[in-house]
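*Asks:* sharing a model that was predicted from the sequence below.
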Amino acid sequence: MHAAWCTAPAMRMGRPLPLCRVLPQVHRRCAIVTQAAATVSQNVIAGPQHAVEVRRHAENSNITQEAVQSLEACLDGGESIKALRRFNRLLANLPADSWEPRLRAVMAELAYNLESFNPAFTAVLLKVQSTIGHSDYVARDLALKHLIQPLAGEYGMHNGQEQAKTHRELFSEFYADLLKEPLEEVLAVSPRPTASVQLFQRMMHDILTGGQTTDPIDQACYAMGYNLAIEYLADYEKTWMLDSFRSLNKRVLHAQNRPLMEWLFLEVHAEGEAEHAAIGHAAVVGFVPAQKQEVLRRAMMDHDRDFAVFYNILADMLQ
């Protein structure tokens with residue numbers, strides 16, 4: 001999967017600047033979401049008669065796929081997209097004589113940030129599981145069945161396949177290839193990089209407090225909305241990052257006789273995040289009541305705010 005880009009505004013200024021994503025990209029994501037939603041229906045129908053009744057009830061009372069997509073569309077004009085565009089402009093155009101020290105500090109942040117999403121995903125699962133006694137048995141089970149898949153994928157686990165390398169292993173290989181040093185060295189110097197720690201603390205606080213609500217269903221819906229925003233923005237984040245590193249590789253690294261060879265970390269994420277977003281959709285439409293749409297929206301905007309702060313700090317580090 002590669003992103004489609006809109007260069008028209010930049011071309012009018014006399015230079016191509018491929019950092020404004022064309023919204024037909026959303027159609028690709030919607031197709032994957034539709035496929036995932038179909039899988040949910042198949043899973044439910046294959047279950048006991050009670051599961052069929054749950055599906056019928058969900059069709060009448062749960063939030064719709066279209067409503068979820070409308071909420072996600074709000075993120076296209078949000079602060080995180082602006083911050084990601086800014087970061088990737090700077091990354092793709094790092095100067096040949098000073099790219100390395102700037103990028104080393106950013107990569108230390110990204111190493112921590114990448115791993116910090118695992119406890120965030122785990123917290124989402126916890127909040128949904130904690131609705132035991134408050135939510136429907138089958139709806140809860142199916143939501144958890146979907147939500148655990150992206151978390152398992154972080155550890156190289158995929159249905160029907162042998163366990164592959166973890167995403168931490170892939171990142172470590174990418175880092176060593178890029179900066180010609182082991183990741184452990186920068187982690188020893190900077191084990192708790194400031195921006196990543198701040199984002200991690202913010203995410204965990206928001207998810208675990210359910211956006212300052214005490215109702216178990218509201219907390220679960222908030223967590224699932226937060227997860228929707230994580231996965232939706234990650235699709236842009238990783239696809240744009242892959243293209244930016246390709247640009248840096250072609251313009252700078254090849255000229256310095258140190259071209260990148262280990263692309264798997266970036267490619268896996270660029271190709272997989274839309275599927276993760278679709279899985280999040282499937283979990284939400286099978287669990288979240290329609291009247292909780294505002295809870296989802298609030299959670300998504302909370303993550304958009306904090307993720308933007310993080311990437312603006314990283315962009316400052318590249319300047």
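*Replies:* Received it, and whenever you're ready, just let me know what you need.
*Asks:* which elements pack onto the helix or strand hosting residue 68?
*Replies:* Under the criterion of DSSP states H and E, residue 68 resides in helix 65-75. Helices and strands touching helix 65-75, by 3 or more Cβ pairs under 8 Å, 6 or more residues apart in numbering; DSSP states H and E, are helix 24-45, helix 216-248, helix 264-285, helix 293-318. The way it works is simple: take the backbone N, C-alpha and C, and place the C-beta from them, glycine included.
*Asks:* mind giving me CSV with those and columns for mean neighbour count, distance to residue 116 and mean pLDDT?
*Replies:* Listed next are these as CSV, based on neighbours: other Cβ atoms under 10 Å; distance: least, Cβ to Cβ, whole Å; pLDDT from 0 to 100:
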stretch, mean neighbour count, distance to residue 116, mean pLDDT
helix 24-45, 16, 24, 46
helix 216-248, 24, 11, 96
helix 264-285, 22, 15, 86
helix 293-318, 20, 10, 98
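*Asks:* which one of these lies nearest to residue 197?
*Replies:* Among the helices and strands packed on helix 65-75, helix 293-318 comes nearest to residue 197, with 10.3 Å by Cβ to Cβ.
*Asks:* compute the inter-axis angle for the closest one and helix 216-248.
*Replies:* 30 degrees (axes from the mean of the first three to the mean of the last three Cα atoms, to 10 degrees).
*Asks:* buried ones in stretch 203-211?
*Replies:* 203, 206, 207, 210, 211 (16 or more other Cβ atoms under 10 Å).
*Asks:* okay, the helices and strands packed on helix 65-75 in a markdown table with distance to residue 61 next?
*Replies:* A markdown table is the format used below for the helices and strands packed on helix 65-75 (distance: least, Cβ to Cβ, whole Å):
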| stretch | distance to residue 61 |
| --- | --- |
| helix 24-45 | 15 |
| helix 216-248 | 13 |
| helix 264-285 | 11 |
| helix 293-318 | 12 |
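*Asks:* indicate which one of these is closest to residue 98.
*Replies:* helix 293-318 (10.1 Å).
*Asks:* helices or strands next to the closest one in the packing?
*Replies:* helix 65-75, helix 79-92, helix 99-129, helix 194-209, helix 216-248.
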